[in-house]
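Chemist: coordinates for the following, if possible.
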Amino acid sequence: MRKDLYRRDRERYRSNGVLHILGRNEKIKARPERFQECRDAFDVIFTCEERVYDRVVEDLCAREQDTCQPVHVINVDMKDTLEDATLGALIICELCQRLQQADDVEGSVAEVLLSAEEKTGRSFLHTICFY
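Modeler: Residues are numbered from 1 along each chain as shown. Below you'll find the predicted structure:
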């Protein structure tokens, strides 16, 4: 991916922070991952782009419902800039912390999201899927 971005327009992707984000991501995971191939169980899934959110929800709804375990899919929309990615990461981190502190995650998600929406001025997409 890095080679492709260098080939396309190295200076553009350096100046808009995409190469920095890519470098950070390379330290976290060895390669891009496909959610559709993952069969791990989750309580909450965060996405950072509405298009990805739609795909995750579609995939979860199409899966065979083995356990009927609920999973909350939450979209924190962000632009592909270093500044917005950093702010979005901080928002997601705070949401995770608040959900971990909740006695009842199921009953707290809506309240936590509403509070975050009021604090940040952003709105978040939220769907509960069962799988």
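Chemist: so for the longest helix seen in the chain, what's the average pLDDT?
Modeler: Longest helix in the chain, counting residues (DSSP state H): helix 82-101. The pLDDT scores in helix 82-101 average 93.
Chemist: so which elements touch the helix or strand immediately after it in the chain?
Modeler: Towards the C-terminus, the helix or strand next in line after helix 82-101, according to DSSP states H and E, is helix 105-120. With contacts defined as 3 or more C-beta pairs under 8 Å, 6 or more residues apart in numbering; DSSP states H and E, helix 105-120 has these neighbours: strand 70-75, helix 82-101, strand 125-130. C-beta: built from backbone N, CA, C; applies to glycine.
Chemist: what do you get if the cut-off is 6 Å, keeping everything else the same?
Modeler: Using 3 or more C-beta pairs under 6 Å, 6 or more residues apart in numbering; DSSP states H and E as the contact criterion, the elements in contact with helix 105-120 are helix 82-101.
Chemist: coming back round to it: tilt between the longest helix of the chain and helix 105-120?
Modeler: Computed by axes from the mean of the first three to the mean of the last three C-alpha atoms, to 10 degrees, the angle separating helix 82-101 from helix 105-120 equals 140 degrees.
Chemist: packing partners of helix 82-101?
Modeler: The criterion is 3+ C-beta pairs under 6 Å, 6+ apart, and the helices and strands that helix 82-101 contacts are helix 105-120.
Chemist: tell me how far the helix it packs on lies from the chain's centre.
Modeler: For helix 105-120, the separation from the chain centroid amounts to 16 Å (computed by C-alpha atoms, centre = their mean, to the nearest Å).
Chemist: residues in contact with stretch 87-107?
Modeler: Counting by C-beta atoms under 6 Å, 6 or more residues apart in numbering, stretch 87-107 makes contact with F46, C48, V76, M78, S108, V112, A116, all of which sit outside it.
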